[in-house]
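Visitor: predicted coordinates and the sequence they were generated for:
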Amino acid sequence: MAEYRETKARKLFELFGGVTKLATELGVSKSVISRWDSEAYRGNHGHVPTHYNIKIMERAKALGLDIHAVSQCLDEHICPCCKRPLEPGMTIDKRYLRTVLAGMGA
């Protein structure tokens, strides 16, 4: 029997009300979302792919979810402004991110 472990992906599933609801909100299949928590060869080992970060944050805001809790489930490897991957060693300025989210009405 597999041991239960709390992952960022599972926490995000809970916040959105399940894998199916999150998949519907993002416009992708349930199997794509399920793979995020899979330890299998094509799985993402509990991490949310960073190219979904912006869309997840937009949908979370539209649904009235806790933006801070949702953001804690995401790895910060994309720029919230231009949506491009950050170079290794670069980080997001948290104050700037709050400004961007405020512009979204967060």
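Guide: Cool, the structure landed.

Visitor: can you pull out the low-pLDDT segments for the chain?
Guide: Counting by pLDDT under 70, the chain shows low-confidence ranges at 1-4, 76-98, 100-101, 104-106.

Visitor: for residue 59, pull up the helix or strand it's in.
Guide: helix 53-63 (DSSP states H and E).

Visitor: after that helix, next one along is what?
Guide: helix 67-72.

Visitor: show me what that next one is in contact with.
Guide: With contacts defined as Cβ atoms under 8 Å, 6 or more residues apart in numbering, helix 67-72 is touched by 8, 11, 12, 15, 56, 57, 60, 61, 101, 106. (Glycine included, C-beta is placed from N, CA and C.)

Visitor: pretty sure the third one sits against residue 48.
Guide: Yes. The pair residue 12 and residue 48 passes the contact test of Cβ atoms under 8 Å, sitting 5.9 Å apart.

Visitor: now do the shared contacts for the two.
Guide: In contact with both residue 12 and residue 48: 36, 56, 73, 74, using Cβ under 8 Å, 6+ apart.

Visitor: just the closest of those to residue 21, please.
Guide: residue 56 (12.3 Å; Cβ to Cβ).

Visitor: returning to what we had before: TSV for the contacts of helix 67-72, including distance to residue 41 and neighbour count?
Guide: Output for the contacts of helix 67-72, formatted as TSV (distance: Cβ to Cβ, whole Å; neighbours: other Cβ atoms under 10 Å):
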residue	distance to residue 41	neighbour count
8	20	17
11	23	16
12	22	24
15	27	19
56	24	22
57	29	21
60	30	25
61	34	15
101	35	17
106	37	15
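
Visitor: tabulate the residues you listed (a markdown table), appending distance to residue 30.
Guide: As requested, the contacts of helix 67-72 are exported to a markdown table (distance: Cβ to Cβ, whole Å):
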| residue | distance to residue 30 |
| --- | --- |
| 8 | 18 |
| 11 | 18 |
| 12 | 14 |
| 15 | 17 |
| 56 | 16 |
| 57 | 21 |
| 60 | 19 |
| 61 | 23 |
| 101 | 28 |
| 106 | 27 |
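
Visitor: which among those residues gets closest to residue 26?
Guide: residue 56 (7.0 Å).
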